[in-house]
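Student: have a look at this prediction, sequence included:
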Amino acid sequence: MVDFTGFLPDEAFALDVTAQNWQDAIRLAGQGLVDSGATKPGYTDEMIETVNKLGPYIVIAPGLALAHSRPSDSVMRSGLSWVRLAEPVEFGSKNNDPVSLVIGLAGRDENEHLEVMSAIASALVNPGKVKALADAQTPAEIRAILES
């Protein structure tokens, strides 16, 4: 089981914030990764460039984007960030827009990257957990839901 306290510290959260567009939303997720010590600022640009090159495939479910890029020198340790938007933004995903939750993901290597992605995915397939996550008021509440 993933220890979300280590991967998702308080500094990695931005709750009920505003983004003008999908790039701003990814920048907020990137800032959480930087603030928590998981990445250098360049990783944020890599996440945006990934969407520019490959399209909005990171919008993996209705209202949810998993912002990430390949492991790189900009990743100092594996980690997550959690951005809940006050107003959803469009990413260009025909099936899953608009997005109100952006999870930033940085993996040091492919194994850690996949382990963290798998843990997040397993939490987000449960509709009850998704609702609870949307209503949670603090980072501690969100971590507790993810770990339950």
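Tutor: On my side now, so go ahead. Residues are numbered from 1 along each chain as shown.

Student: next, the contact list for the residue positioned nearest the centre of the chain, please.
Tutor: The chain has Ile103 as the residue nearest its centroid, 1.1 Å off, counting by CA atoms, centre = their mean. For Ile103, the residues meeting the contact criterion (CB atoms under 8 Å, 6 or more residues apart in numbering) are Ala29, Leu64, Ala65, Leu66, Ala67, Leu80, Ser81, Trp82, Val83, Ile120. C-beta: built from backbone N, CA, C; applies to glycine.

Student: just these now: which is nearest Ala14?
Tutor: Val83 (4.7 Å; CB to CB).

Student: adjacent strands (with direction) for the helix or strand hosting the closest one?
Tutor: Using DSSP states H and E, Val83 falls within strand 79-89. Partner strands and pairing direction for strand 79-89 (DSSP bridges) are strand 13-17 (parallel), strand 99-106 (antiparallel).

Student: mind listing residues that contact whichever helix or strand comes after the shortest one?
Tutor: Of the helices and strands lying after strand 13-17 in sequence (DSSP H and E), the nearest is helix 22-35. For helix 22-35, contacts defined as CB under 8 Å, 6+ apart pick out 11-14, 17, 19, 39-41, 43-44, 47-48, 51, 56, 65, 67, 79-83, 85, 89-92, 99, 102-104, 106.

Student: try 6 Å
Tutor: With contacts defined as CB atoms under 6 Å, 6 or more residues apart in numbering, helix 22-35 is touched by 11-12, 14, 17, 19, 39, 41, 44, 47-48, 67, 79, 81, 83, 89, 91, 102, 104, 106.

Student: pLDDT weak spots in the chain?
Tutor: 1-2, 113 (pLDDT under 70).

Student: chain center to the strand or helix carrying Val116, what's the gap?
Tutor: Taking DSSP H and E as the definition, one finds Val116 inside helix 110-124. Per CA atoms, centre = their mean, to the nearest Å, the displacement of helix 110-124 from the mean C-alpha position of its chain is 11 Å.
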